[in-house]
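[1] quick check, what structure comes out for this input:
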Amino acid sequence: MRIGRVEWKGRVPPLFLAPMEDVSDAAFRRLCREMGADAVVTEFISSEALIRGVEKSWWKAQVWDEERPVGIQIFGGEAESMREAARLIEKVNPDWVDINYGCPVTKVVCQGAGAGILRDIDRMEYLTSEVVKSTSLPVTVKTRLGWDASQIRILEVAERLQRVGIAALTVHARTRADGYSGEARWEWIGLLKAQSSIHIPIIGNGDIDSPQKAWTLYHLYKPDALMIGRAAIGYPWIFREIKHYFQTGQFLPPPSLEERIYAIEKHLRYALRLLPESPRGIVLTLRRHYAGYFRGLPSAKKLRLLLMEANTPDELHRLLERLPRIYLTKEAEGFAADSTPLKRF
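    Below you'll find the predicted structure:
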C-alpha cells in the first residue's frame, strides 16, 4: 500500500492511529508509533483557524520526524479556506493532508463540515478537488458510510473522490446518524474492495478493539489498512498486540503494572516537551487516558481515581512511584477490597 512517497510492505496490514480530538496530539502519536502504529494522523484542525493564524491550531499542525509517516487532518466547509489551509500545511511538510468528512459533532456538522457534507456529495467532490489542486502533497479523505441508513452512498463517494485525485480513502463504517453507537457495518468496506473500478487504498475504521477483531475484519473484508481509534486511548499496546497476533496467531500477555506506569511517565515526558499547554494543563489532559492505561487490571477504577488526584507533574510522579507498593504488597489487598473513598496522600 502506498500514499505518496510512503509505502508499507509485509504480511501485516498497516495500522493507523485515528485522528481524535484532544487525544491524538504529538505526545500520544509518538508513543503509539513506538508501540507499533505504522502511521498516525493529527487531531482535526479547522481550516479557518489555520488561515487566521490561531496559535492553538498551528500547534496541532506541528509534526516531528519521530512520528512519521504522519498526515495532518483539516476540516471546513468553504473552498477558499480549505485551499489556503492546504497550501499553508505544505510548509509543515507532513507526508499527506487528510480531509475530515466524518466528524458527527453538531457544531462541526452545522457548518457544512465534517459529516455535514454527507448531505451534499457534489460539494464534497468540489471541495476535495479544490484541495487536491492546491497542494503538491498527497490528499486523503476520512468519511462515513453516509448521512443515515437511508442515504448510504459510500460506493459513489469513493468513485467520485478517486476521480478527483485522492490518494486513499478511510471509511468509518457507520453513518453520521449512528454516531459511535451500534456495530460498524464493515460489509460496506467489503463491497468497496469488491469494486473493480476502485483502485485507491481503502482504510477500514470502526470497532477494531482487539487483535482477534482486527484479524477477522481484515480477512473478511480485505481493506488495505486498518485504522484504530478509541481502543488505542490510554492503550497504545494494541498496535503491537495486533501485529503479534497476525504474525503468530497468539495473544501477547497484557502489559504489566510496571509497563503501564512507565508508559504514563513517558507520555507525560513527551507532552511536557512537545505540547504548548501548561504543566498543570498537561496533567489534566492525561486524565482521559487513565482508564485505558489500567484496562484489565483489578481495581482499575481505583487506580485511575488515585491518579486523578494529581494536578502537577511532581504530584503525578509521586503517585506513580507509590503505585507498585499500593498495588503489589499487602496494602494492595486492602486497596482492592476497600470500597471507601480514597484518601489524599
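
[2] residue contacts, residue 67?
    Neighbour list for residue 67: 26, 29-30, 33, 40 [criterion: C-beta atoms under 8 Å, 6 or more residues apart in numbering]. Just so you know, the C-beta spots here come from the backbone N, C-alpha and C atoms, and that holds for glycine as well.

[3] likewise residue 190?
    220-222.

[4] remind me, longest helix of this protein?
    Longest helix in the chain by number of residues (criterion: DSSP state H): helix 257-274.

[5] domain-wise, how is the protein divided?
    2-248, 257-337 (automatic domain parsing).

[6] okay if I get the ones you listed as CSV plus mean pLDDT?
    Below are the domains of the chain laid out as CSV (pLDDT from 0 to 100):
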stretch, mean pLDDT
domain 2-248, 96
domain 257-337, 88
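
[7] most packed of these?
    domain 2-248 (a mean of 20; mean count of other C-beta atoms under 10 Å).

[8] just the contacts of residue 190 now: which is nearest residue 78?
    residue 221 (34.7 Å; C-beta to C-beta).

[9] skipping adjacent residues, who's closest to that closest one in space?
    Nearest residue to residue 221 in three dimensions, chain neighbours excluded: residue 190, at 3.8 Å (C-beta to C-beta, 6 or more residues apart in numbering).

[10] so that neighbour is in which element?
    Using DSSP states H and E, residue 190 sits within helix 187-194.

[11] where's that helix relative to the chain centroid, distance-wise?
    Centroid displacement of helix 187-194 relative to its chain, using C-alpha atoms, centre = their mean, to the nearest Å, is 22 Å.

[12] could you do stretch 75-84 as well?
    22 Å.

[13] next SSE after the longest helix of the chain?
    Trace forward from helix 257-274 with DSSP H and E and the next one is helix 279-286.

[14] CA atoms only for the helix or strand that that next one is followed by - export them in PDB, please.
    With elements assigned by DSSP H and E, the helix or strand that comes after helix 279-286 is helix 290-293. Extracted in PDB, the C-alpha atoms of helix 290-293 (Å, rounded to 0.1, in the frame of the first residue of the first chain):
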ATOM      1  CA  TYR A 290      -6.000   6.600  32.600                       C
ATOM      2  CA  ALA A 291      -9.000   4.300  32.100                       C
ATOM      3  CA  GLY A 292      -7.100   2.800  29.200                       C
ATOM      4  CA  TYR A 293      -3.800   2.600  30.900                       C
END
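
[15] who are the packing partners of helix 290-293?
    Contacts defined by 3 or more C-beta pairs under 8 Å, 6 or more residues apart in numbering; DSSP states H and E place helix 290-293 against helix 257-274, helix 300-307.

[16] before we move on, the earlier item: CSV please, covering the contacts of residue 67 and showing secondary structure and distance to residue 147.
    Listed next are the contacts of residue 67 as CSV, based on DSSP: H, G, I helix; E, B strand; the rest coil; distance: C-beta to C-beta, whole Å:
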residue, secondary structure, distance to residue 147
26, helix, 33
29, helix, 30
30, helix, 35
33, helix, 34
40, strand, 28
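
[17] next, format the helices and strands packed on helix 290-293 as TSV and append distance to residue 280.
    Shown next, in TSV, are the helices and strands packed on helix 290-293 (distance: least, C-beta to C-beta, whole Å):
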stretch	distance to residue 280
helix 257-274	11
helix 300-307	14
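
[18] distance of the residue nearest to residue 221 from residue 33?
    29 Å (C-beta to C-beta, to the nearest Å).

[19] with residue 99 instead?
    For residue 99, the distance to residue 33 - C-beta to C-beta - is 22 Å.

[20] ok, back up a step: following the helix holding residue 190, which helix or strand comes up?
    strand 202-205.

[21] list the strands paired with that following strand, with their directions.
    strand 168-172 (parallel), strand 225-228 (parallel) (DSSP bridges).

[22] closest to residue 91 out of the ones you listed?
    Closest to residue 91 of the strands paired with strand 202-205, according to C-beta to C-beta: strand 168-172, at 22.6 Å.

[23] run through who's touching that closest one.
    By C-beta under 8 Å, 6+ apart, strand 168-172 touches 1, 3, 16, 96, 98, 102, 138, 140-145, 154, 158, 161-162, 184, 188-189, 192, 200-206, 224, 227.
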